[in-house]
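A.B. asks: Below is the sequence, then the predicted model.
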Amino acid sequence: MKLIMMNIPQIPGDKRALRPIGRDSTAYQALLREIETLVKRADELGFFGYGTAEHHLHTEGYEVISAPMILYTRLAAMTENIKFVPLSLVPVASNPIRIAEEVAMFDNLFPGRIEVGFARGYQSRWLQTLAQDDCITSNVPASDARNREIYDEYVQIIKLAWTRDSFAFDGKHFQVPYPYQGITGYPAAHVAGEIGAPGETDDGVVINKIGVIPSPATKPHPPLWIPFSFSPATLLNAATNGYRVLVPGSKPDFFRDFCQTYQRRAAEGGVQVELGQNICPLRDVIVSDSRDEALELANTGASNAMFEYFQYFGMLEQWRMPSDDPTKPVTLTSREAITQRMIDQGYIIIGTVDEVAEQIADLRSCHGAGGNVEYLAWYCGLQGTVPTEVTVRQLERLAGEVMPKLGRSTTARP
């Protein structure tokens, strides 16, 4: 079972006293130093990967990594083996050619150390602003179809850019080249025709195709991931394309059914996978010799951010209970209530070394279905809320004490 450390970085400090903390460069530097410490230690402990998500404009201090590829470049230069798994980049808010170039450049600088997740985006404040489109978010019914249409088109372009020496694309939302009929008046068209990629120009005058440089060092391209958010279309797309899937949904019945459905859908599309292959549950794991200490860490960490911020984006819906009001979004009134809800629903794995190992072993089996889940993403919810050394100690206990009990002396790398 390969371990990935994942977090949505938040800036340490009093977010109200330092308002707007997201614009405080001293506080942001403290965040960067903390991430560096955690990723370097994860690399030393044998973690397979580290990942974060692309977000913009969060002056409140939550979700503050606006340029993850730049962050990964610095972290890669400071580490030896750990891979970087963007979970995720958001194509619909960017230019697909630029994404293809930046990922390929990283893969040439650090061959084999990048895997790429693409998300559709759902937060209107930054998604609409960057995309300059007010009908773009994936969690608004009127916009969802348009979002998926653009997303699918952009991902297709990125894959073509990685795998073709030259290509053209006539999409509804993006054309390559632009205009698709060809670019005239390019002074060096004859040079492209003589020594550029074949097909870029047929007559030495009109640019008919383009070639993206560099091509990835990993052939045909770095492995692709998709974060799953309960969309049947997303599941089908992931399974039939052999994408790796990050699964935050933690109810045991849901997760077992998801793994079985992924395997079945993949087979229907001609892709044979073992039960649990390509699957990565996202879980918050807290190891402690004291139940009270573990609960305190949970309340301080992931539950605090969920209470203060994430629940307003509907993040608690995945743990909805029959007792919740069906006419209203799920919101809870205390950190402690959120902690207990996430423990009861299997998202927070908590306890002693032996108790945590037992829970992860059950998760790895797809909750008794005989599977062998390939990855585990440890959500680093403590980052930004407790001293860095406390979070480092959790890394060390998970990798050095829990994982060996599952039958491996190392945590990640085959």
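C.D. replies: Nice, thanks for sending it over.
A.B. asks: going forward, measure contacts between C-alpha atoms and count neighbours the same way
C.D. replies: Noted.
A.B. asks: Which residues are in contact with S88?
C.D. replies: S88 sits next to 51-54, 116-119, 226-227 when contact means CA atoms under 8 Å, 6 or more residues apart in numbering.
A.B. asks: can you do 10 Å?
C.D. replies: 51-55, 68, 116-121, 225-227 (CA atoms under 10 Å, 6 or more residues apart in numbering).
A.B. asks: shaky segments in the chain?
C.D. replies: Applying pLDDT under 70 to the chain flags the ranges 229-230, 408-414.
A.B. asks: Where is the longest strand in it?
C.D. replies: Across the chain, the longest stretch assigned as strand under DSSP state E is strand 279-287.
A.B. asks: Identify the residues contacting whichever helix or strand comes after that strand?
C.D. replies: With elements assigned by DSSP states H and E, the helix or strand that comes after strand 279-287 is helix 291-300. Helix 291-300 has contacts (CA under 10 Å, 6+ apart) with 284-288, 290, 301, 303-307, 334-340, 342-343, 348-352, 381-386, 390-391.
A.B. asks: Report the buried members of those residues.
C.D. replies: Among the contacts of helix 291-300, those classed as buried by neighbour count (16 or more other CA atoms under 10 Å) are 284-288, 301, 303-307, 335-336, 338-340, 342-343, 348-352, 381-385, 391.
A.B. asks: which stretches of the stretch 1-150 of the chain form strands?
C.D. replies: 2-6, 49-51, 83-84, 116-117 (DSSP state E, counting those that start in this stretch).
A.B. asks: Please report the distance of D202 from V212.
C.D. replies: With the distance defined as CA to CA, to the nearest Å, D202 ends up 18 Å from V212.
A.B. asks: Neighbour count: these two, which is higher?
C.D. replies: Neighbour totals were compared for D202 and V212, and V212 leads with 20 against 15 (other CA atoms under 10 Å).
A.B. asks: Tell me which residues touch the more buried one, please.
C.D. replies: 97-98, 100-101, 104, 158, 160-167, 197.
A.B. asks: I348 now?
C.D. replies: Contacts of I348 by CA under 10 Å, 6+ apart are 250, 282-286, 298, 302-303, 339-342, 378-379.
A.B. asks: Tell me the one of those nearest C135?
C.D. replies: Using CA to CA, L282 comes nearest to C135 of these, at 29.4 Å.
A.B. asks: would you list every one of the helices in the protein?
C.D. replies: For the chain, applying DSSP state H gives helices covering 25-44, 68-78, 96-109, 124-131, 141-163, 189-195, 232-241, 252-268, 291-300, 302-308, 335-344, 353-364, 388-397.
A.B. asks: Deepest-packed of these, please.
C.D. replies: Mean neighbour counts were taken over the helices of the chain using mean count of other CA atoms under 10 Å, and the top value, a mean of 21, falls to helix 302-308.
A.B. asks: Residues contacting that helix, please?
C.D. replies: 7, 10, 62, 284, 295, 297-299, 309-316, 331-342, 348, 379-385.
A.B. asks: For G182, see how far away the residue of the chain most remote from its centre is.
C.D. replies: Here the chain reaches farthest from its C-alpha mean at D203, the gap being 43.6 Å by CA atoms, centre = their mean. Using CA to CA, one gets 12 Å for the distance from D203 to G182.
A.B. asks: Ok, G117 next?
C.D. replies: 32 Å.
A.B. asks: Looking at the two, which is more packed in?
C.D. replies: Comparing G117 with G182 by neighbour count (other CA under 10 Å), the higher total belongs to G117, at 24 against 17.
A.B. asks: just checking, that one touches V245?
C.D. replies: Yes: counting by CA atoms under 10 Å, G117 does reach V245; the two are 8.7 Å apart.
A.B. asks: Residues that sit against both of the two, list them.
C.D. replies: Shared contacts of G117 and V245, counting by CA under 10 Å, 6+ apart, come down to 87, 224-227.
A.B. asks: from memory Q345 sits against P248, does it?
C.D. replies: No: look at Q345 against P248 with CA under 10 Å: they stay out of range, at 11.2 Å.
A.B. asks: More neighbours: those two, which one.
C.D. replies: It is P248, of Q345 and P248, that has more neighbours when counted by other CA under 10 Å, with 21 against 18.
A.B. asks: okay but that one is in contact with P281, surely?
C.D. replies: Yes: the criterion here is CA under 10 Å, and P248 meets it with P281 at 5.9 Å.
A.B. asks: Could you point out the member of the contacts of V212 that lies closest to D324?
C.D. replies: I158 (41.8 Å).
A.B. asks: In this structure that closest one contacts S94, no?
C.D. replies: No: contact criterion CA under 10 Å: I158 and S94 do not qualify, at 11.5 Å.
A.B. asks: hang on, the earlier thing: show me what contacts the residue farthest from the centre of the chain?
C.D. replies: 189-190, 193.
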